[in-house]
Every structure is written in structure tokens, then in C-alpha cells.
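Undergrad: give me a 3D structure for the following:
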Amino acid sequence: MQKEKIKKIVRKRYSKIAKEGTSCCPTCGPCGINVMEQAKNIGYSEDELGNIPESAIMGLGCGNPTALADLKKGETVLDLGAGAGIDVFLAANKVGSGGHVVGIDMTEEMVKRANEIAKNYGYKNVEFRVGEIENLPLEDNSVDVIISNCVINLSPDKLRTYQEACRVLKPGGRILISDLVTEGELPEDIRKNFEAWAGCIAGALKKKEYLDTIKKAGFRDVNIVSQNTFCEPGLDDRLAGKITSVKVKAHKS
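TA: Numbering: from 1, shown residues only. The predicted structure follows:
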């Protein structure tokens, strides 16, 4: 499948979500619950959600990377695929006024929405930029921590993505990534389905392959700090038990 076609399909889907302000994962389960409930279901606490702009909460993601990233005051944080900014704003609260959080997203509509939220709510320590996670618009050795929430599976070149993450991290810097991986092989028709790509399923790697990719990109101490089954029987029962949400922590070598 062509990389640019995948990116086009993904960009189209998330552009639509940015404009409508809501999301539903058609591959993994039923629609209908509100975005706040979706956010709680994947690991965000009520207190966390109550301390950020509600308009940044869109029901996207497969975990809460900020809860496990051990963010400290004054750190510089990068969020890969920031969307409307839920994790950026959570991170901003943790690093404080002396810290800085950058959100990167390839969808212009998402970046526009996130910047408007930041301006309307007076956030001074955040910024959002348009860019691809395979080609980050940041300098070498410029950030302390990288977080990401169910985005890297969307990339058609995951090794390049993690190599870029390694490049922009300071020596000894760390990543905390929430993402989807597979337990065994997925049906071939799902692998070739563009909607399944945009729905975070078709592009997911096998768990071991995913961890090996991170190591190959230049990271050490690559560990899964938590995991849980993600897909419930939905539109395709063949996915039940085959998609796992993992939270991976690692350090730049």
C-alpha cells in the first residue's frame, strides 16, 4: 500500500473529526458514548479531565501517556500526533510555567483547533505545529520527553518515526508511548483496508516487532509498563483479543 495514500486517508479522517469535534472508532466497538466517557475508559481520571479545556477532549487515543511519563517541572515535552491537545494540556499542567510542551500533528484543522483552545484558555507554555512524525520540525537534542497516544500505528514508516524521536530527544531523554499492537496476524483483508488504517488497526505491528523497532531506532531499556486488550467484538469479531493497547517506556541510548 502506498505510504502517501495512507497518509491522505488518515489526514482526511482526522480533519473531519477536528471539524465535527467528536470521534468514533468503527473498527473496534460500538459508537454512542460521549467523549468524556470514552476518555475515562482509556485511562484519564475525572480530575485530569476537569483541569483541561473540555474542547480538547475528543474521545481519541488508547491510553493516558502523561499518567506514566513522570513529567517534572521545567521539562520540554513533545507530543507526537497531538490532535486537539488533550495530552499537551495535561503535560503543560505538570511541567509548569518553566516548562514547554510542543504538539505536532499533520492535520491542519487539528492544529488550528488546538491553537485556538490554547489561546482562548491562556496557555503560555504550549505550542502546536503542523508536521509529520516521520519528519519532525524540531532541532536535534531539543526535548526531554516524548509522549504519544495511539498515533504511531498510523505511520506507514514506524522505524523512521522512532529514529526522528531519537534525534530530537536530548541524551538520556525518554519516551512514554501509548499505542496499539497485535497479538498474532490480522486477516489480510483488514491489513489492506484503508478505513482500518485510519481506525488505528491495520497499521499496528506485532508486539515483538514493535518493541524491536524502537530498539533498532536507538533506544534502550525498552519496556511495556502496562497493557490491556483493546478491541472488543464489534463490527468484526475476528479482531477480538488480537489488538492490545501498550504503554511503552524507553530511553535514548
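
Undergrad: okay, now the unreliable bits of this protein?
TA: Low-confidence segments of the chain, defined by pLDDT under 70: 1, 21-33, 231-235.

Undergrad: at 80 what do you get?
TA: 1, 21-33, 230-237 (pLDDT under 80).

Undergrad: so where do the helices sit in it?
TA: For the chain, applying DSSP state H gives helices covering 3-20, 35-41, 46-50, 86-95, 108-120, 158-168, 188-191, 194-198, 207-216.

Undergrad: need those helices in TSV with mean neighbour count, can you?
TA: The way it works is simple: take the backbone N, C-alpha and C, and place the C-beta from them, glycine included. TSV is the format used below for those (neighbours: other Cβ atoms under 10 Å):
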stretch	mean neighbour count
helix 3-20	16
helix 35-41	16
helix 46-50	12
helix 86-95	25
helix 108-120	19
helix 158-168	21
helix 188-191	14
helix 194-198	20
helix 207-216	16
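
Undergrad: of all these, which lies closest to residue 146?
TA: Checking the helices of the chain against residue 146 by Cβ to Cβ gives helix 158-168 as the closest, at 5.2 Å.

Undergrad: can you pull out the residues in contact with that closest one?
TA: 78, 80, 133-136, 138-143, 146, 152, 155, 175, 205, 210, 213-214, 216-219, 252-253 (Cβ atoms under 8 Å, 6 or more residues apart in numbering).

Undergrad: show me which of the residues you listed are buried.
TA: Buried subset of those (neighbour count, 16 or more other Cβ atoms under 10 Å): 78, 80, 133-134, 136, 138, 143, 146, 152, 155, 175, 205, 210, 213-214, 217, 219, 252.

Undergrad: thinking again about what came up before, okay if I get the helices of the chain as JSON lines plus distance to residue 228?
TA: Converted to JSON lines, the helices of the chain look like this (distance: least, Cβ to Cβ, whole Å):
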{"stretch": "helix 3-20", "distance to residue 228": "24"}
{"stretch": "helix 35-41", "distance to residue 228": "11"}
{"stretch": "helix 46-50", "distance to residue 228": "18"}
{"stretch": "helix 86-95", "distance to residue 228": "18"}
{"stretch": "helix 108-120", "distance to residue 228": "26"}
{"stretch": "helix 158-168", "distance to residue 228": "21"}
{"stretch": "helix 188-191", "distance to residue 228": "21"}
{"stretch": "helix 194-198", "distance to residue 228": "20"}
{"stretch": "helix 207-216", "distance to residue 228": "13"}
